[in-house]
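In: Any chance you could fold what I've pasted below:
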Amino acid sequence: MSSGHVDAHVHLWDPGRFTYPWLTGVAGLDRPFLAPDLLAATRSAGAPPAGVVVVEADRLPRQARAEAEWVLAASTPELPVLGVVAHVPFGAAAGAAGAPDDPADLPDPAGLAGLVGARRLLQDEPPGFLTRPDVVTAVAAIGARGLPFDVCVRSRQLPEVVELVRRLPDVEFVLDHLGKPRISPDAHGPWAEDLRRLAALPNVRCKLSGLATEADPDHRTAADLLPFLRHALDVFGPGRCLFGSDWPVLTLATTYEHWLHVVLEAVGDLDGAERDLVMRGTAVATYTRPLATTTAGRRCS
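Out: As a prediction, this is how the structure comes out:
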């Protein structure tokens with residue numbers, strides 16, 4: 001395996017194999033994005049990663065396990081899939097009340113080699129959803145399985161994330177995309193304070209990912225994005241931040257090469273050990289299971 005970075009947030013999808021309702025009509029994304037496409041994008045950037053963590057892509061819930069198995073089978077020596085953050089079903093549909101899910105329905109690391117985390121998209125849920133008793137119970141069950149929980153929310157939901165994380169100190173959380181702040185010169189304030197409050201809780205880490213697609217076309221330069229990345233690095237510290245590209249979603253706004261260079265600029269003032277934490281080490285610490293043994297039995301050195 002190369003000594004390059006670990007990309008802790010990529011997606012693979014194939015609309016011919018699985019059903020992704022959200023993809024319909026999304027120009028530029030409504031087609032297969034497979035492992036060879038990702039490898040080509042990273043090689044074009046001159047930076048093929050040492051490995052990737054693939055995050056579920058919001059296919060139909062009943063297809064979640066098949067998606068995870070398909071993703072893990074895509075691993076190659078050229079592009080090792082170090083693990084999958086799989087969809088986990090809990091809570092009713094957005095806005096609806098529902099009974100707590102059976103913990104037996106939650107992912108079991110012993111039942112799927114390469115399973116290293118769980119995620120259920122929360123970004124479109126109504127106020128109060130994240131602190132519903134059944135949701136708290138389900139997330140606690142994920143933690144009891146030894147899995148971190150990826151939290152994908154919008155910035156307005158960060159106060160609820162703070163409360164959820166506070167209620168579950170034994171669960172490890174990973175915040176996707178810095179909480180999806182709106183990238184504009186006047187949007188830094190409320191998000192920045194909410195992120196600081198979240199970072200004060202020790203059981204949460206932050207992915208440096210997904211910012212370019214939160215910005216309008218006039219605010220996608222490094223100068224626009226760096227203040228948000230540097231604030232996350234400041235409040236979480238390099239030991240709790242990890243690089244992610246959000247490929248191929250990022251292609252709606254930028255290239256793999258550009259995003260990688262922006263993050264490398266953000267960590268440019270750190271010492272070598274701290275940079276390695278952000279670009280590799282924190283992912284290793286967060287997604288331990290696949291980085292110790294990949295689906296092909298390879299060790300990560």
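In: could you pull out the helices for the stretch 201-301 of the chain?
Out: Using DSSP state H, counting those that start in this stretch, the helices of the stretch 201-301 of the chain run over 222-236, 256-266, 272-276, 282-286, 288-292.
In: how far is the longest strand seen in the chain from where the chain is centred?
Out: Longest strand of the chain, by residue count under DSSP state E: strand 81-87. With C-alpha atoms, centre = their mean, to the nearest Å as the basis, strand 81-87 stands 10 Å off its chain's centre.
In: Parallel or antiparallel, which strands does it pair with?
Out: The pairing partners recorded for strand 81-87 under DSSP bridges are strand 51-55 (parallel), strand 115-119 (parallel).
In: Make JSON lines out of those strands and add mean pLDDT, mean neighbour count and distance to residue 68.
Out: The C-beta positions use only the backbone N, C-alpha and C, and glycine is treated the same way. As requested, the strands paired with strand 81-87 are exported to JSON lines (pLDDT from 0 to 100; neighbours: other C-beta atoms under 10 Å; distance: least, C-beta to C-beta, whole Å):
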{"stretch": "strand 51-55", "mean pLDDT": "98", "mean neighbour count": "29", "distance to residue 68": "9"}
{"stretch": "strand 115-119", "mean pLDDT": "95", "mean neighbour count": "25", "distance to residue 68": "7"}
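In: mind checking which of those strands is nearest residue 31?
Out: strand 51-55 (17.6 Å; C-beta to C-beta).
In: Check the offset of the closest one from the chain's centre.
Out: That offset, for strand 51-55, works out to 9 Å (C-alpha atoms, centre = their mean).
In: just stretch 34-43 next, same as before
Out: 18 Å.
In: swap in stretch 205-218?
Out: 12 Å.
In: buried set for it?
Out: 205, 206, 207, 208, 209, 210, 211, 212, 213, 214, 215 (16 or more other C-beta atoms under 10 Å).
In: What of stretch 22-32?
Out: Going by 16+ other C-beta under 10 Å, stretch 22-32 has these buried residues: 23, 29.
In: again, but for stretch 229-238
Out: 229, 231, 232, 233, 235, 236, 237, 238.
In: From residue 253, how far off is the fifth one?
Out: According to C-beta to C-beta, to the nearest Å, residue 235 and residue 253 sit 24 Å apart.
In: same check, this time on the last one
Out: Taking C-beta to C-beta as the criterion, residue 238 is separated from residue 253 by 25 Å.
In: how about the helices of the stretch 201-301 of the chain, which one is nearest residue 78?
Out: So among the helices of the stretch 201-301 of the chain, helix 256-266 is nearest, using C-beta to C-beta, at 15.5 Å.
In: Give me the mean pLDDT for the closest one.
Out: Helix 256-266 carries an average pLDDT of 97.
In: Show me what it is packed up against.
Out: helix 35-44, helix 222-236 (3 or more C-beta pairs under 8 Å, 6 or more residues apart in numbering; DSSP states H and E).
In: got JSON lines for these, with distance to residue 117 and mean pLDDT too?
Out: Shown next, in JSON lines, are these (distance: least, C-beta to C-beta, whole Å; pLDDT from 0 to 100):
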{"stretch": "helix 35-44", "distance to residue 117": "19", "mean pLDDT": "97"}
{"stretch": "helix 222-236", "distance to residue 117": "18", "mean pLDDT": "96"}
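In: mind putting those in JSON lines, distance to residue 283 included?
Out: Shown next, in JSON lines, are the helices and strands packed on helix 256-266 (distance: least, C-beta to C-beta, whole Å):
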{"stretch": "helix 35-44", "distance to residue 283": "15"}
{"stretch": "helix 222-236", "distance to residue 283": "14"}
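In: what about residue 112, how many neighbours?
Out: Residues contacting residue 112 under the criterion other C-beta atoms under 10 Å number 16.
In: need the contact list for it.
Out: 65, 68, 69, 72, 86 (C-beta atoms under 8 Å, 6 or more residues apart in numbering).
In: Of these, which is the most crowded?
Out: Using other C-beta under 10 Å as the neighbour test, the contacts of residue 112 are led by residue 86, with 26 neighbours.
In: how far away is that one from residue 287?
Out: Taking C-beta to C-beta, one finds residue 86 at 12 Å from residue 287.
In: what do these two both touch?
Out: residue 117.
In: Any stretches of the stretch 51-200 of the chain with poor pLDDT?
Out: Low-confidence segments of the stretch 51-200 of the chain, defined by pLDDT under 70: 92-110, 186-188.
In: could you pull out the helices for the stretch 51-200 of the chain?
Out: Under DSSP H, counting those that start in this stretch, the stretch 51-200 of the chain gives helices at 64-73, 133-144, 158-167, 188-199.
In: Dump those to TSV, plus distance to residue 277.
Out: Formatted as TSV, the helices of the stretch 51-200 of the chain follow (distance: least, C-beta to C-beta, whole Å):
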stretch	distance to residue 277
helix 64-73	26
helix 133-144	23
helix 158-167	21
helix 188-199	15
